[in-house]
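> below are the sequence and a predicted model for it; my questions follow.
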Amino acid sequence: MAKGEKFVDKYGVESAQIYKTADLSIIKIPGPDHFLYDPTAPTTFDELRVREIDDAGKMDDPITVYTDPDTKTLYALDGRGRTLDTTEVNRRRKEEGREPVYALLLPFSGTEKDAVARVRLFNYHRRTPTPSGMGLDILALRKAGWSWPDCAAKLHVESKDPEQWAKRYLPLAYCIEEVRAAFDARELPITMARKFGGGEVDGSAALGKKEQLALLQLTREAPATTKVKVVSPGKRRRLVQVLTNGASEKLNAGNKTVAQIVAATLAFVDGDPKMLRGWPDVAAIVEGTMKKGV
């Protein structure tokens with residue numbers, strides 16, 4: 001791996017040494033048992049991107065790599081998709097007897113703890129987090145040594161009580177995949193997370209796989225008279241919109257304020273604590289109620 005040019009300003013840093021390589025086999029994609037594992041990262045190449053890179057004959061966007069201090073193994077920190085795409089490009093080029101494409105590698109200079117947080121930050125810049133994704137990220141950050149307030153800050157959440165906020169989502173990290181999918185689809189309210197994942201931060205009180213599946217089935221089969229109707233995320237967003245503008249304009253001043261508080265509370269429960277900043281007394285009541293659990 002030969003030294004390359006100085007890193008340029010457009011990548012968001014003052015200066016850094018980058019490297020060029022055509023041998024992408026030296027870069028490992030973190031697996032499920034690795035602390036840098038990202039369940040949302042691509043697991044195979046993107047055919048369109050492969051063609052674009054092959055046609056251009058270069059990969060301008062760098063791959064940020066974390067070096068394991070013990071084994072010196074390079075792990076893709078940011079650019080896992082680019083690693084897979086460029087690897088496929090070079091596989092095809094080798095078969096056809098063509099010159100390989102060189103990738104730019106940027107060494108990550110932070111600690112293991114910093115690397116774990118960096119993966120989470122990349123995720124939140126790319127996509128809207130799901131409830132279970134939030135829980136998994138909180139668990140990863142905690143294992144890396146970040147405090148409760150740090151977890152909230154890294155995940156772009158403002159809360160008067162970061163620990164209680166995080167503990168609402170953390171049980172989802174100990175739920176099995178089928179249960180997490182149900183929470184992400186809003187089939188189950190976040191207040192039920194502890195019933196599956198337990199209330200202990202280390203997951204020691206989580207139900208086993210069979211028990212979680214049984215409880216999920218029981219919840220789904222509950223009588224219609226006792227089952228809570230779950231409103232889709234789209235309808236909830238529209239409801240918030242009409243309560244804060246549009247239809248609320250037809251209300252008198254007192255009722256308009258009530259409508260806005262209801263809308264802010266809905267948004268708060270869905271994970272946006274900023275919505276209740278204008279009503280601290282209401283926020284305190286809602287947070288106090290949610291602390292009591294199911």
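That came through, no problem.
> ok, residues contacting stretch 110-124?
35-36, 38, 40, 64, 66, 69, 77-78, 108, 129, 133, 137, 140-141, 143-146, 150, 154-156 (CB atoms under 8 Å, 6 or more residues apart in numbering). For glycine as for every other residue, the C-beta is placed from the backbone atoms N, C-alpha and C.
> just the buried members of the residues you listed?
Applying 16 or more other CB atoms under 10 Å to these, the neighbour count classes 36, 38, 64, 66, 77-78, 108, 129, 133, 137, 140-141, 144, 146, 150, 154-155 as buried.
> quick one: mark the members of those that sit in helices.
When the buried ones among the contacts of stretch 110-124 are checked against helices (DSSP state H), the matches are 133, 137, 140-141, 150, 154.
> can you list the residues you listed in CSV and add distance to residue 258 and pLDDT?
Shown next, in CSV, are these (distance: CB to CB, whole Å; pLDDT from 0 to 100):
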residue, distance to residue 258, pLDDT
133, 33, 87
137, 35, 88
140, 40, 87
141, 37, 89
150, 36, 89
154, 35, 84
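> out of these, which one sits closest to residue 196?
residue 133 (16.1 Å; CB to CB).
> and the residue nearest to that closest one when sequence neighbours are not counted, how far from residue 184?
Leaving aside its chain neighbours, residue 133 sits nearest to residue 40 (6.7 Å; criterion: CB to CB, 6 or more residues apart in numbering). Residue 40 sits 12 Å away from residue 184, going by CB to CB, to the nearest Å.
> anything in contact with each of those two?
Taking CB under 8 Å, 6+ apart as the criterion, residue 40 and residue 184 both touch residue 133.
> count the residues that sit near residue 31.
Each residue near residue 31 was counted by other CB atoms under 10 Å, and the total is 9.
> ok, for it, nearest residue in space, not its chain neighbours?
Leaving out its chain neighbours, the residue that sits closest to residue 31 by CB to CB, 6+ apart is residue 37, at 6.1 Å.
> mind checking how far that neighbour is from residue 27?
The gap separating residue 37 from residue 27 is 15 Å, by CB to CB.
> so where's this structure shaky on pLDDT?
Applying pLDDT under 70 to the chain flags the ranges 1-16, 122-128, 223-254, 270-273, 288-294.
> hang on, the earlier thing: mind checking how far the residue nearest to residue 133 is from residue 78?
According to CB to CB, residue 40 stands 13 Å off from residue 78.
> outside of stretch 156-170, which residues touch it?
124, 131, 134-135, 138-139, 142, 148-149, 151-152, 190-191, 193, 197, 199, 201, 271, 273-274, 277, 283, 287, 290-291.
> out of those, which sit inside helices?
Mapping those onto helices (DSSP H) picks out 124, 131, 134-135, 138-139, 142, 148-149, 151-152, 193, 197, 283, 287, 290-291.
> list buried residues within those.
124, 131, 134-135, 138-139, 142, 148, 151-152, 193, 197, 283, 287, 290.
> looking at those, spot the one nearest residue 222.
In terms of CB to CB, no member of these lies closer to residue 222 than residue 193, at 17.2 Å.
> which residues sit in contact with the closest one?
131, 135, 168-169, 171-172, 175, 183.
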